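Asks: Just the structure for this:
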Amino acid sequence: MKKLTALLISVVMVVSLCACGNAAANTASDSNADAQASEGTTVKAGFICLHDENSTYDLNFINAAKEACDSMGIEYVIKTNIPEGQECADAAMELADEGCNFVFADSFGHEDYMIEAAKEYPEVQFAHATGTKAHTEGLENFHNAFASIYEGRYLAGIAAGMKLNEMIDAGEITADQAKIGYIGAYTYAEVISGYTSFFLGARSVCPSATMEVTFTGSWYDETAEKEGANTLIKNGCVLISQHADSMGAPTACETAGVPNVSYNGSTASVAPNTFIVSSRINWAPYFEYAIGCMQSGTAIATDWVGTIATGSVCLTEFGDTVAEGTADAVEAAKADIEAGKVHPFDITTFTVEGKQLDSYEADVDTDADYTPDHDVVVDGYFNESGEEFRSAPYFDVRIDGITLLDEQY
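Replies: Below is the predicted model:
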């Protein structure tokens, strides 16, 4: 009966948290995006992925691309295993030569090479996930897109915190043993934003929670991710999460019997007894939005941010190990976030070296030295991926309660 109840709750949550519409709202600035395609443009889309279907990150993009293009009747080409180097520029230009007039790349290190291709093919629209330079490059045919995934991470963190509380109540751990382990790829703002929002979500329901973070130096390294999880478990971490793309950490958790919160998709297939939930960006709304803009002759936003409301921020189904009451707690927090009552980076909920963060200069306009250039604390919270700034994360604050075991750049 418990498993049946959990399954029914999971179905409700999937419908509620990931009800994706046919078009996404533009919530970012489009001041530099005034190029328009002609009315009734036929679109052929090209997609560039860092890895292939074996990577949870890339599989998430591949599924969204197929969903969006199939639903819109769009011809498309997907190139996989394209490194973050000149190979990306070559792949982008090959797609343009094959007739693709919308080309999208999915990895942070692809950006400079997509910009190179955009300059070479001004008649083709190029877009890039997690990128930071569209608003400063000023190219009419180059765009960045992301989603407010920190909100999804926060909600997944609540699920983690509820599990920690269950373990405390059952006498499995004490309150001061509620230590989370986290495997990150790189010490970049995107990863810092993700693990911090996850931690703050957990601590919103389990105030004694702490976190240790280790980095692998790769977006996809199953061995390193598994070793990282094992190290954290040996250090006394009783719950593991990640911003890395393989099944390494979930597999280690299943072997050790340690609860796991994944990213970009369910890992229940390899961790049926330890998987709790996963947050992910659903990219289909952006693809539908951008392709729709080209079809109608509307400018594509320079920076675009998807939200929970646009169906771009999702949680998967809950696993069998989810704590009782989690669905209600997550749903209530989701409603408060949408209503503007809760901000994951509320400055009253964390400290930096014992002090509240009243202002913060972030590196929004990326340069070689990562020079801070905008104060991003607005109305009492860190305004991540804010409408007046850029779509990609710039939260790189190191808050109290989180210990970094190493760093990788």
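Asks: Name all residues that make contact with the residue lying closest to Glu407 once chain neighbours are set aside.
Replies: Leaving aside its sequence neighbours, Glu407 sits nearest to Thr187 (CB to CB, 6 or more residues apart in numbering; 4.4 Å). For the C-beta atoms, the positions are set from N, CA and C on the backbone; glycine is no exception. If you count contacts by CB atoms under 8 Å, 6 or more residues apart in numbering, Thr187 has them with Phe215, Leu404, Glu407, Gln408, Tyr409.
Asks: can we see that at 10 Å?
Replies: By CB atoms under 10 Å, 6 or more residues apart in numbering, the residues touching Thr187 are Val213, Phe215, Gly217, Asp396, Arg398, Leu404, Asp406, Glu407, Gln408, Tyr409.
Asks: quick one: which of those residues is most hemmed in?
Replies: Among the contacts of Thr187, Val213 has the most neighbours (other CB atoms under 10 Å), with 26 neighbours.
Asks: Helix, strand or coil: sort out it for me.
Replies: Classification of Val213 by DSSP: H, G, I helix; E, B strand; the rest coil places it in strand.
Asks: For Val261, see how far away the nearest residue to it once chain neighbours are set aside is.
Replies: Nearest residue to Val213 in three dimensions, chain neighbours excluded: Tyr182, at 4.5 Å (CB to CB, 6+ apart). Look at Tyr182 and Val261: by CB to CB, to the nearest Å, they are 9 Å apart.
Asks: Give the residues shared as contacts by those two.
Replies: In contact with both Tyr182 and Val261: Phe198, Leu239, Ile240, Ser241, Gln242, Ala249, using CB under 10 Å, 6+ apart.
Asks: Now do the helices in the stretch 101-250 of the chain.
Replies: Assigned by DSSP state H, counting those that start in this stretch, the helices in the stretch 101-250 of the chain fall at 111-120, 134-137, 149-169, 189-205, 222-234, 248-256.
Asks: Reformat these as CSV; add distance to Asn60 and mean neighbour count.
Replies: Below are these laid out as CSV (distance: least, CB to CB, whole Å; neighbours: other CB atoms under 10 Å):
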stretch, distance to Asn60, mean neighbour count
helix 111-120, 19, 20
helix 134-137, 21, 22
helix 149-169, 11, 25
helix 189-205, 14, 25
helix 222-234, 17, 20
helix 248-256, 15, 23
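Asks: Now mean pLDDT and distance to His343 too, for these, in CSV please.
Replies: Compiled in CSV, these are given as follows (pLDDT from 0 to 100; distance: least, CB to CB, whole Å):
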stretch, mean pLDDT, distance to His343
helix 111-120, 98, 28
helix 134-137, 96, 23
helix 149-169, 98, 9
helix 189-205, 98, 10
helix 222-234, 98, 28
helix 248-256, 97, 28
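Asks: Redo the shared contacts of Tyr182 and Val261 as CSV? Include distance to Ala256.
Replies: Shown next, in CSV, are the shared contacts of Tyr182 and Val261 (distance: CB to CB, whole Å):
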residue, distance to Ala256
Phe198, 20
Leu239, 11
Ile240, 9
Ser241, 14
Gln242, 14
Ala249, 11
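Asks: from what I can see Asp245 touches Val191, true?
Replies: No: judged on CB atoms under 10 Å, Asp245 makes no contact with Val191 at a distance of 11.9 Å.
Asks: Can you work out which residues contact both of the two?
Replies: Common contacts of Asp245 and Val191, defined by CB under 10 Å, 6+ apart, comprise Ala185, Trp219.
Asks: What's the separation between the closest residue to His110 other than its chain neighbours and Ala335?
Replies: Using CB to CB, 6+ apart and skipping the chain neighbours, the partner closest in space to His110 is Cys88 (4.6 Å). Distance of Cys88 to Ala335, computed by CB to CB: 40 Å.
Asks: before we move on, what about Thr196?
Replies: As judged by CB to CB, Thr196 and Ala335 stand 22 Å apart.
Asks: Over to Tyr409?
Replies: 38 Å.
Asks: now Ala178
Replies: 26 Å.
Asks: Val377 now?
Replies: As defined by CB to CB, Val377 lies at a distance of 25 Å from Ala335.
Asks: Which one's more surrounded, these two?
Replies: More crowded of Val377 and Ala335, by other CB under 10 Å: Val377, with 16 against 13.
Asks: Please name the residues that touch that one.
Replies: Neighbour list for Val377: Phe345, Ile347, Leu357, Asp358, Ser359, Tyr360, Glu361, Ala362, Asn383 [criterion: CB under 10 Å, 6+ apart].
Asks: can you redo those residues as a markdown table with neighbour count?
Replies: Shown next, in a markdown table, are those (neighbours: other CB atoms under 10 Å):
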| residue | neighbour count |
| --- | --- |
| Phe345 | 25 |
| Ile347 | 19 |
| Leu357 | 17 |
| Asp358 | 9 |
| Ser359 | 10 |
| Tyr360 | 19 |
| Glu361 | 12 |
| Ala362 | 24 |
| Asn383 | 20 |
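Asks: burial count for Asp70?
Replies: Other residues near Asp70 come to 11 when the count uses other CB under 10 Å.
Asks: before we move on, what about Gln86?
Replies: When neighbours are defined as other CB under 10 Å, Gln86 has 11 of them.
Asks: Just read off the phi/psi values of it.
Replies: When read as degrees, to the nearest 10, the backbone of Gln86 gives phi -60, psi -20.
Asks: Contact partners for it?
Replies: Gln86 sits next to Asp112, Tyr113, Glu116 when contact means CB under 10 Å, 6+ apart.
Asks: for Met72, what are its contacts?
Replies: Here Met72 is in contact with Asn22, Val43, Ala45, Phe287, Glu288, Ile291, Gly292, Gln295 (CB under 10 Å, 6+ apart).
Asks: how near is it to Gly306?
Replies: From Met72 to Gly306 the distance is 17 Å (CB to CB).
Asks: what do you get for Lys179?
Replies: From Lys179 to Gly306 the distance is 32 Å (CB to CB).
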